[in-house]
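**Q** got a structure for you, letters missing:
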């Protein structure tokens, strides 16, 4: 069982299991997500502001759903813009475009490989301690 924490949104005490929100707040987010998804499916050419005002949902929450990958914009929905956080190119879901995600993955793998090689080199060395004798 997780440790006890206060919900980041409502402040209620709950058993932390990796999400900073309590079960009720998670359920509220899920209900909002379903409403937003259904509205976008019915109104394909809507903007983020139109969705927010029609459903009384903050724009930040809609963008959060897009960034988390819960929502994905179709090709016909060009009015909702989401930009790659690295290069600024328009994307349909997530935080990064496919090119930036691939480039970052390669950089991470290279860094991990360098770390592993350095650790292996250090483990293969023999360390000796020399003490000076005082006469």
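**A** Sure, I can see it. Everything quoted here is computed from the prediction, not taken from an experiment.

**Q** Hmm, residue 19 is touching residue 26, no?
**A** Yes - with contact defined as CB atoms under 8 Å, residue 19 reaches residue 26; the gap is 6.5 Å. Bear in mind the C-beta positions are built from the backbone N, C-alpha and C, glycine included.

**Q** So residue 100 lies in a strand, does it not?
**A** No - the assignment for residue 100, made by DSSP: H, G, I helix; E, B strand; the rest coil, is helix rather than a strand.

**Q** residues near it, how many?
**A** 17 (other CB atoms under 10 Å).

**Q** immediately after the helix or strand of the chain with the lowest mean pLDDT, which helix or strand?
**A** The weakest-scoring helix or strand in the chain, judged by mean pLDDT, DSSP states H and E, is strand 82-83 (a mean of 80). Reading on from strand 82-83 to the C-terminus, the next helix or strand found by DSSP states H and E is strand 90-91.

**Q** Show me what that following strand is packed against.
**A** Where contact means 3 or more CB pairs under 8 Å, 6 or more residues apart in numbering; DSSP states H and E, strand 90-91 is packed against strand 82-83.

**Q** Could you check how far the strand it packs on is from the centre of its chain?
**A** Distance of strand 82-83 from its chain centroid, counting by CA atoms, centre = their mean, to the nearest Å, is 14 Å.

**Q** try stretch 101-117
**A** 19 Å.

**Q** mind listing what's buried in that stretch?
**A** For stretch 101-117, a neighbour-count test (16 or more other CB atoms under 10 Å) marks nothing as buried.

**Q** Please enumerate residues in contact with it?
**A** 86, 94, 96 (CB atoms under 8 Å, 6 or more residues apart in numbering).

**Q** Quick check, the first one in contact with residue 98.
**A** No - in this structure residue 86 lies outside contact range of residue 98 using CB under 8 Å: 11.4 Å.

**Q** So which of these two has more stuff around it?
**A** The neighbour comparison of residue 86 against residue 98 (other CB under 10 Å) goes to residue 86, with 14 against 11.

**Q** Pull up the gap between the residue nearest to that one when sequence neighbours are not counted and residue 81, please.
**A** Leaving out its chain neighbours, the residue that sits closest to residue 86 by CB to CB, 6 or more residues apart in numbering is residue 100, at 4.2 Å. In this view, residue 100 and residue 81 are 17 Å apart by CB to CB, to the nearest Å.

**Q** Many thanks, we can stop here.
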